[in-house]
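> quick one: sequence plus predicted model below, questions after.
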Amino acid sequence: MSTPMPMPMPRDDRHGDTRTEPPGEADERTMLNAFLDFQRETLAVKCAGLTPIQLRQWAVPPSSLSLLGLVRHLAEVERGWFRCVLLGEADKPHWVGPRGEDDAQWDVDDADVEEAFRVWRAECDRSRAIVAAAASLDAAGSHDGTTYSLRHILTHMIEEYARHNGHADLLRERIDGVTGE
């Protein structure tokens with residue numbers, strides 16, 4: 001008889017952090033999904049309560065990183081890995097520059113904040129649905145002749161978010177002094 005898995009506990013500290021902690025014990029698929037969702041929630045926390053101007057701000061010169069640019073980038077990363085690599089869909093970026101370049105995700109001076117968050121959340125939802133529909137973590141897709149398992153993609157996505165959430169920490173602290181996990 002198996003022991004019931006502990007339920008993830010939502011956080012609610014004095015700063016309004018309501019991220020859900022990943023469980024201490026779970027099967028591999030549950031654990032990877034929980035850590036990825038925690039990282040997604042972390043990005044949302046880093047952006048919470050800021051104005052559109054603050055979200056667009058290049059707060060750590062000379063870098064052109066902004067919180068809004070990170071949101072747009074991570075929407076593209078979600079789309080790219082889950083839809084393009086795993087499912088083999090055509091690579092059609094959400095934001096294309098005036099000359100057709102696909103790095104327009106970083107060009108946020110006139111970007112629509114609500115659209116960026118709507119697209120990011122929709123891509124996260126699509127990614128969750130794709131993962132849920134996959135037969136196993138061994139399901140695979142390919143890009144440029146290399147095969148990637150869903151296990152690899154989930155692990156990479158956790159790393160991608162964690163790295164960019166470190167950037168978001170620095171940006172947020174420079175914008176309004178808020179620090180935190």
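Arrived safely.

> any idea of the mean pLDDT in the top helix by length along the chain?
Assignment by DSSP state H gives helix 150-176 as the longest helix of the chain. Taken as a whole, helix 150-176 carries a mean pLDDT of 97.

> buried residues in that helix?
150-154, 157-158, 160-161, 164-165, 167-169, 171-172, 175 (16 or more other C-beta atoms under 10 Å). For every residue, glycine as well, the C-beta is placed using N, CA and C.

> quick one, strands of this structure?
140-143, 146-149 (DSSP state E).

> out of those strands, deepest packed?
strand 140-143 (a mean of 15; mean count of other C-beta atoms under 10 Å).

> which neighbouring elements make contact with that one?
strand 146-149 (3 or more C-beta pairs under 8 Å, 6 or more residues apart in numbering; DSSP states H and E).

> reformat the strands of the chain as TSV; add distance to residue 96.
Output for those, formatted as TSV (distance: least, C-beta to C-beta, whole Å):
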stretch	distance to residue 96
strand 140-143	19
strand 146-149	25
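
> quick one: closest of these to residue 46.
strand 146-149 (27.5 Å; C-beta to C-beta).

> report all helices and strands that that closest one contacts.
strand 140-143.

> recalculate using a threshold of 10 Å.
Packing contacts for strand 146-149, counted by 3 or more C-beta pairs under 10 Å, 6 or more residues apart in numbering; DSSP states H and E, involve strand 140-143, helix 150-176.

> all helices of this structure, in order?
28-47, 52-56, 67-78, 113-133, 150-176.

> turn the ones you listed into CSV, including distance to residue 94.
Listed next are the helices of the chain as CSV, based on distance: least, C-beta to C-beta, whole Å:
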stretch, distance to residue 94
helix 28-47, 16
helix 52-56, 17
helix 67-78, 6
helix 113-133, 5
helix 150-176, 17
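
> what about those helices, which gets the closest to residue 139?
helix 150-176 (4.6 Å).

> how distant is the closest one from the center of its chain?
7 Å (C-alpha atoms, centre = their mean, to the nearest Å).

> same question for stretch 105-119.
15 Å.

> what residues does it touch?
Where contact means C-beta atoms under 10 Å, 6 or more residues apart in numbering, the residues beyond stretch 105-119 that reach it are 44, 47, 50-58, 64-79, 93-98, 101, 104.

> tell me the helices and strands packed up against the longest helix of the chain.
Using 3+ C-beta pairs under 10 Å, 6+ apart: helix 150-176 touches helix 28-47, helix 52-56, helix 67-78, helix 113-133, strand 140-143, strand 146-149.

> which of the ones you listed sits most buried?
helix 67-78 (a mean of 24).
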